[in-house]
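Colleague: Pasted the sequence and its predicted model underneath.
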Amino acid sequence: MSNKVIEVTNLTKQFKSYKKKPGIKGSIQSFFNREYTTKKAVHDFNLEINKGEIIGLLGPNGAGKTTLMKMFTGIIVPSAGELTINGHRPWERKKDFKKKIALVMGQKSQLWWDIPAMDSFLLLQKFYELSDQEFKTRLDYMAELLGVVDLLHVHVRKLSLGERMKMELMASLLHNPDVIFLDEPTIGLDLVAQENIREFVLDFHKKNGTTIIITSHYMADVQALCKRLVLIFDGTKAYDGPLEKFEKILGNEKTVSFSFSEEIGGCDFIDKYDAKWNECRNHVDIRVPEEELREVSKKILDLYPVIEFNTEKMPIERVMKTLMTNPEVLRQQRENLSS
Amino acid sequence: MKTYLLKWWQTIRISWSKYTAYRLNFFLQVVGPFLVFFFIKYNLWSSIYGEDTGQLIRGYNFDEMMQYHVWTLVISLLGQGYAAMNLSEDIRLGRISSYLIYPFEFWEFHTAGFLSFQILQIFVSSVTLGLAIFFGFLDLPSTMTLLHGFSFTFFMGFFWFTMQYFTGLLAFWLEETWIMRVLLSIVVSFLSGYIFPLELYPEWLVSGLKFTPFPYMSYFPAKIFMGVETNFMMGYAVLAFWMAVFAFVNHLIWKKGMRLYTAAGM
Ligand SMILES: Nc1ncnc2c1ncn2[C@@H]1O[C@H](COP(=O)(O)OP(=O)(O)OP(=O)(O)O)[C@@H](O)[C@H]1O
Ligand SMILES: [Mg+2]
């Protein structure tokens, strides 16, 4: 029995869309004589995911993350390539498959707007054929953990974005899916709510050993949840590996910042480490090779009036930013590795 | 089987609470068509008949003409609802994505919604019928006639739904389907006998329509309610045939549409 939950080979999706000029005339014109443009949203994508993994799927806007999620969940049909999830081809949309997966989209509500969340949950209970016992236990547990017990009977359209997101999450996890797809589940949420959701997902994962694929533009999500990252650029896979390795992709230097109680004049020792000073020269960011970190920090602490210092909290954020502004770095990186 | 029926039942309940969520809407649904009927049809026909309400126009005196039109109103309320209207919206706005994920199909969801709507329309049409009787437009027919009329109209509602479903599905290709739906409803209004009883049309047209679904959508059930038409089988058979045709076509369109569906907007 293979351990692979998701197997993707050469998956490709191209969108065919036609240009439409504005107005009725444009409509008629485009009806008879359509100019098509094809756009490769996902191109020759390969991926294998084991049971119980949490994968962070990252990439800039328009990279193809949502398109991948749609193919994974069977919403759209791939143009080419193979894709199996739990042994099913998603686009066949078998009931057995649907009962095993869940999709949460931060950008799009899946709950019914005109009725309270609880009514939606009850409907889903029937859809997924959950016993009253199962349903009640899971619902109570999740509502408690997310702190939304009092909101279950409020109309969904009256909920705040964060509150609604929690409901969406509950709605999609009620049936205890084997594989969960989370497409930007924390988008637009405040910091506390984001953390709430992260902890909830982690807890759910720990309890059920669920396989989770998550996309997010917030590196804090990735840092907290994922051991493995998959990077997608322009529809193709650009990186696939552990988070720690990704952090060091630009070198194993650590960024350390120091604040001083007074202005520091010219200082060759500090400047050696790619120093970036602020205007008043009482704060500096330096980049130090990991193995020299202790030594250099100690020296600076000894020699200068340091009032505060810290190492970078989320190196992954810096790496992402660098890669997004110059994607060729990655290509060089890969060429270096293979040579 | 039981769990499957429970899915339907719960969906019907949910749709019900959606339809009745806005009380004012509900109220307008009853009063609106009645007022429109009263101002347009009543005034139109009273000016046509003028003083001489006893004269016969194609076999109808004024009172009978009014009875006929009250029945077509009741029939349109019960049998020609707009439950399938959300369908094209769902497709255009990419909302069907959610249904593709649930283990309950899109058509099942919408058909359950339609059933729920039908239950609501039983009330709406009964209230309208009550009003019409209260204002002296007609006398209550026998229970048996009522039963026949309501069953036929209810059955016709299913046909109407499959046809509406068809126009809704065209949203996979057309950006706007409402123009088509308006055209369709105008055609239906004329050919079904909703605007004028079919006796007012030339003979060749009426006999040509016999095997189309149109006359069975207003004229035929109105005649059942008026106690004139007693050969129901023809109506049931023609509608059943067309219902099967549309259901089959819908199935094909859906399959084709799903291959094209890009879930834009989601
Ligand atoms: N339904 C569609 N029709 C045509 N083109 C589409 C469609 N959906 C997506 N695209 C195109 O495919 C590409 C990938 O889009 P996708 O939504 O997958 O990006 P994404 O990685 O999710 O981006 P974001 O971070 O902004 O959510 C984009 O260039 C987009 O314009
Ligand atoms: Mg996206």
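Modeller: Yep, that arrived. Here the structure is a predicted model, which is why all the values come from computation and not from measurement. Numbers count the residues shown, from 1 in each chain, chains lettered A, B, ... in the order given. Ligands and ions are numbered 1, 2, ... in the order given.
Colleague: what residues does chain A put near ligand 2?
Modeller: By the rule CB under 5 Å from the ion, the part of chain A lying against ligand 2 is A:65, A:66. Every C-beta, even on glycine, is put in place using the N, C-alpha and C of the backbone.
Colleague: Got the domain ranges for chain A?
Modeller: A:49-80+A:87-246, A:248-339 (automatic domain parsing).
Colleague: any idea how far the residue positioned nearest the centre of chain A lies from residue A:58?
Modeller: Residue closest to the average C-alpha location in chain A (CA atoms, centre = their mean): residue A:215, at 2.1 Å. For residue A:215, the distance to residue A:58 equals 7 Å [CB to CB, to the nearest Å].
Colleague: which residues are in contact with both of these two?
Modeller: Contact criterion CB atoms under 8 Å, 6 or more residues apart in numbering or on different chains; residues bridging residue A:215 and residue A:58 by contacting each: residue A:65.
Colleague: so where's chain A uncertain?
Modeller: Flagging of chain A using pLDDT under 70 yields the residue ranges A:1-2, A:19-21, A:26-32, A:34, A:336-339.
Colleague: For it, what lies in contact range of ligand 1?
Modeller: A:15, A:17, A:39, A:41, A:59, A:61, A:62, A:63, A:64, A:65, A:66, A:67 (CB under 6 Å from any ligand atom).
Colleague: looking at this, the second one is in a strand?
Modeller: Yes: note on residue A:17: a strand contains this position according to DSSP: H, G, I helix; E, B strand; the rest coil.
Colleague: if I pick it, what's in contact with it?
Modeller: A:36, A:37, A:39.
Colleague: Return the most buried member of the domains of chain A.
Modeller: domain A:49-80+A:87-246 (a mean of 19; mean count of other CB atoms under 10 Å in any protein chain shown).
Colleague: element containing the residue nearest to residue B:112 when sequence neighbours are not counted?
Modeller: The shortest distance from residue B:112 to any non-neighbouring residue, by CB to CB, 6 or more residues apart in numbering or on different chains, is to residue B:11 (3.7 Å). Using DSSP states H and E, residue B:11 maps to helix B:2-19.
Colleague: Now do the buried residues in that helix.
Modeller: B:7, B:8, B:10, B:11, B:12, B:13, B:14, B:15, B:16, B:18, B:19 (16 or more other CB atoms under 10 Å in any protein chain shown).
Colleague: Surely residue A:255 forms part of a strand?
Modeller: Yes: the assignment for residue A:255 by three-state DSSP puts it in a strand.
Colleague: can you map out the helices along the chain?
Modeller: Since no chain was named, I'll use chain A. A:23-32, A:65-72, A:95-98, A:117-127, A:132-146, A:161-173, A:191-208, A:219-225, A:243-247, A:268-271, A:293-303, A:315-325, A:328-338 (DSSP state H).
Colleague: Not quite, go with chain B.
Modeller: B:2-19, B:23-36, B:43-49, B:62-79, B:85-92, B:96-101, B:106-134, B:143-169, B:178-191, B:203-208, B:219-225, B:232-260.
Colleague: ranking those helices by burial, who's on top?
Modeller: helix B:219-225 (a mean of 26).
Colleague: coming back round to it: give the full set of residues in contact with the residue nearest to the centre of chain A.
Modeller: Counting by CB under 8 Å, 6+ apart, residue A:215 has contacts A:56, A:57, A:58, A:59, A:65, A:66, A:69, A:182, A:183, A:184.
Colleague: Distance to residue A:172 added to those, as CSV?
Modeller: What follows is the contacts of residue A:215, written out as CSV (distance: CB to CB, whole Å):
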residue, distance to residue A:172
A:56, 19
A:57, 17
A:58, 21
A:59, 23
A:65, 18
A:66, 16
A:69, 13
A:182, 9
A:183, 11
A:184, 14
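Colleague: Relative to ligand 2, which of the helices of chain B is closest?
Modeller: helix B:96-101 (13.0 Å; CB to the ion).
Colleague: Leaving out chain neighbours, which residue sits closest to residue B:191?
Modeller: That would be residue B:214: by CB to CB, 6+ apart, it lies 3.9 Å from residue B:191.
Colleague: Is the one you found in contact with residue B:185, as I believe?
Modeller: No: judged on CB atoms under 8 Å, residue B:214 makes no contact with residue B:185 at a distance of 11.9 Å.
Colleague: For chain B, what lies in contact range of chain A?
Modeller: Counting by CB under 8 Å from any CB of the partner chain, chain B comes close to chain A at B:3, B:6-7, B:9-11, B:14, B:17-18, B:21, B:94, B:97-98, B:100-104, B:175, B:258-259, B:261-263, B:265-266.
Colleague: Please repeat the previous calculation with a cut-off of 7 Å.
Modeller: Chain B comes close to chain A at residues B:3, B:6-7, B:10-11, B:14, B:17-18, B:21, B:97-98, B:100-104, B:259, B:261-263, B:266, as judged by CB under 7 Å from any CB of the partner chain.
Colleague: Give the other helices and strands that the helix or strand bottoming out on mean pLDDT in chain B contacts.
Modeller: Of the helices and strands making up chain B, the lowest-confidence element is helix B:23-36, at a mean of 77, by mean pLDDT, DSSP states H and E. Helix B:23-36 sits against helix B:106-134, with contacts defined as 3 or more CB pairs under 7 Å, 6 or more residues apart in numbering or on different chains; DSSP states H and E.
Colleague: Run the angle between the helix it packs on and helix B:62-79 for me.
Modeller: If you take axes from the mean of the first three to the mean of the last three CA atoms, to 10 degrees, helix B:106-134 sits at 150 degrees to helix B:62-79.
Colleague: what packs against helix B:106-134?
Modeller: helix B:2-19, helix B:23-36, helix B:62-79, helix B:96-101, helix B:143-169.
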